[in-house]
Every structure is written in structure tokens, then in C-alpha cells.
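Participant: need the 3D shape of this:
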Amino acid sequence: MKPIGIELEAGLINAEGKMVEPSLYGFEYRDETDEMGFLLEIRVPPSDNPKEIFANAFKEISLVDYKARKKGMQIRFSSHYFKEKVWIADIAEKYNIYAFECYAKNIYGTKKNHHLGIFPVDENEVLLTAGIHVHFASDKGFNMNQVEKIVKMMDEARPDYIKEAKRIKGEYELKVVEGSLVKRFEYRSYPNKHYDLSMEEYLFDVLRVAFEIYHKVIEG
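Facilitator: As a prediction, this is how the structure comes out:
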């Protein structure tokens with residue numbers, strides 16, 4: 001297994017500046033969107049080379065952005081989006097998202113999570129969150145102490161990323177488990193963008209931090 005891969009969530013924005021449902025405009029549900037149906041999801045293959053992940057990420061972003069622009073739209077990376085409750089209610093019914101099992105875990109025991117990424121604002125509006133999911137993998141497998149250590153170190157490496165985007169720290173999801181060992185899991189607490197940094201600067205930093213922490217835990 002290659003050690004690190006990423007998934008980037010983003011909004012599809014129409015010519016009026018409004019977030020729209022991707023599957024209505026030619027983006028395949030689940031293949032090109034998250035399972036909730038309201039965000040694009042850009043998946044970058046795992047690698048043992050951060051530069052390769054970085055290059056592939058922007059290749060994938062460019063392809064998705066090109067597809068969006070052909071339809072007079074654009075993709076937008078933002079840690080959150082505000083939408084009408086009635087809009088998300090229609091999507092929730094269409095994809096039956098409230099029936100999806102939640103696999104999100106938290107090293108601090110926090111019950112709130114980004115599983116749905118939908119948080120009420122008032123009686124008419126909701127806040128939708130978007131993140132970068134960093135996948136960690138190992139052929140030998142991680143024990144749970146190593147998983148929780150990586151999650152904690154990621155939190156502590158860039159607490160401002162989490163705090164300023166109002167993300168939930170300590171969140172992760174186990175993806176592949178064999179016996180007592182975790183072969184792959186994802187860290188879920190970073191936003192998909194930091195407003196003070198360009199996308200290039202942000203992604204470069206996230207990958208640098210992830211690889212440093214991975215090697216410290218595996219080799220330490």
C-alpha cells in the first residue's frame with residue numbers, strides 16, 4: 001500500500017454564484033461527488049511521494065474545473081457553504097442520506113462529527129462543511145495507539161486550520177481493518193482550504209505535515 005492519499009471536497013458554483021447539486025450537471029453521484037450528493041469530491045491516488053500527490057491533485061482539480069467551466073460553472077474550495085434548509089432536505093430525500101451509517105470516530109470522544117457535514121444555522125438555513133481527508137495506509141498495519149497518535153499529531157501540528165474553519169478536531173474513520181490491525185484510515189479534521197493561503201500553499205503544507213507525522217510514528 002502507498003502510505004498517503006487525499007480526497008478534496010468542493011462546491012459546484014453556478015453563474016449566479018450559487019452552490020448547486022453536482023449530479024444535475026453531469027457529475028456522477030459517488031464517482032465525482034461525496035456520498036451525500038451536495039459536494040464534489042476530488043480523489044487523488046495514494047503515493048509514497050508528496051510531490052506526486054501534489055501534482056496529481058492539481059491535475060484532477062484542473063479536469064473537474066474544466067468540466068465545470070464547460071457548463072458555465074466553477075468549483076470553489078471553501079471550508080463551509082450556507083444553503084437553504086429546503087435545498088438540503090430535497091437532496092437528503094433523494095439520496096436517503098440520513099440512513100447512511102456513520103463510521104466517524106473521535107479520539108477525544110466528541111459525538112459531533114463531519115459524517116453528514118450539515119449543521120443547522122436557523123429555521124431557514126444550514127451550514128455545509130467541506131474538508132480534505134488524508135488517508136494513511138500501511139502494509140504491516142497500524143495498531144490503534146498509532147492511529148490515535150497520528151490523529152492527535154495532525155491536530156496539534158496545525159490547530160489554527162481546524163479552529164479557524166470551525167472543524168471538529170480528533171476525527172478519523174477506519175477504512176480497512178484486518179484483525180487487530182488497521183491497514184488504512186482517514187484523518188478528517190482539516191478543512192479543504194485555508195483562507196490565508198493559496199490552494200498550492202495549503203495543500204503543500206498539509207502533505208508535508210502528513211508525511212512527517214507518518215514517518216515519525218512508523219519509524220519511531
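Participant: what's opposite the closest residue in space to I13 that isn't next to it in sequence in the beta bridge?
Facilitator: Spatially, and ignoring its direct neighbours in sequence, I13 is nearest to R76 (4.8 Å; CB to CB, 6 or more residues apart in numbering). (Each C-beta comes from the backbone N, C-alpha and C, glycine too.) Beta-bridge partners recorded for R76 (DSSP bridges): G11.
Participant: does R76 touch G11 like I think?
Facilitator: Yes. Here R76 lies in contact with G11, judged by CB atoms under 8 Å, at a distance of 4.8 Å.
Participant: what do those two both touch?
Facilitator: Between them, R76 and G11 share these contacting residues under CB atoms under 8 Å, 6 or more residues apart in numbering: M19.
Participant: what helix or strand does the closest residue to R158 other than its chain neighbours sit in?
Facilitator: For R158, ignoring the flanking residues on the chain, the nearest one in space by CB to CB, 6+ apart is V209 at 6.3 Å. Here V209 sits within helix 199-219, counting by DSSP states H and E.
Participant: and for that helix, what's in contact with it?
Facilitator: Helix 199-219 is contacted by residues 3-4, 6, 50, 53-54, 57-58, 61, 77, 132, 134, 136, 138, 142, 146, 149-150, 153-154, 157-158, 187, 190, 193-194, 197 when judged by CB under 8 Å, 6+ apart.
Participant: from these, which ones fall inside helices?
Facilitator: By the criterion of DSSP state H, membership of the contacts of helix 199-219 in helices covers 50, 53-54, 57-58, 61, 146, 149-150, 153-154, 157.
Participant: which members of those are classed as buried?
Facilitator: 50, 53-54, 57, 61, 146, 149-150, 153-154, 157 (16 or more other CB atoms under 10 Å).
Participant: let me see the contact set for the residue nearest to I42 when sequence neighbours are not counted.
Facilitator: Among residues not flanking I42 along the chain, L8 sits closest, at 4.4 Å (CB to CB, 6+ apart). L8 is in contact with 41-42, 44, 57, 61, 77, 132, 192, counting by CB under 8 Å, 6+ apart.
Participant: could those be laid out in TSV, adding pLDDT and distance to E32?
Facilitator: What follows is the contacts of L8, written out as TSV (pLDDT from 0 to 100; distance: CB to CB, whole Å):
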residue	pLDDT	distance to E32
E41	97	7
I42	97	8
V44	97	13
A57	98	15
I61	97	12
F77	96	16
I132	98	17
N192	97	15
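Participant: and the residues you listed, which is closest to G17?
Facilitator: F77 (14.9 Å; CB to CB).
Participant: that closest one: how many residues sit nearby?
Facilitator: Applying other CB atoms under 10 Å, we find 21 residues neighbouring F77.
Participant: which one of R76 and G11 has more residues nearby?
Facilitator: Shown here are R76 and G11; by other CB under 10 Å, G11 has more neighbours (22 against 18).
Participant: that one and I75 touch, don't they?
Facilitator: Yes. Judged on CB under 8 Å, G11 makes contact with I75 at a distance of 7.0 Å.
Participant: what do these two both touch?
Facilitator: Common neighbours of G11 and I75 are listed as L40 (criterion: CB under 8 Å, 6+ apart).
Participant: run a quick neighbour tally on the residue nearest to M153 when sequence neighbours are not counted.
Facilitator: Counting by CB to CB, 6+ apart, I213 is the residue found nearest to M153 once chain neighbours are left out, at 4.6 Å. I213 has 22 neighbouring residues, counting by other CB under 10 Å.
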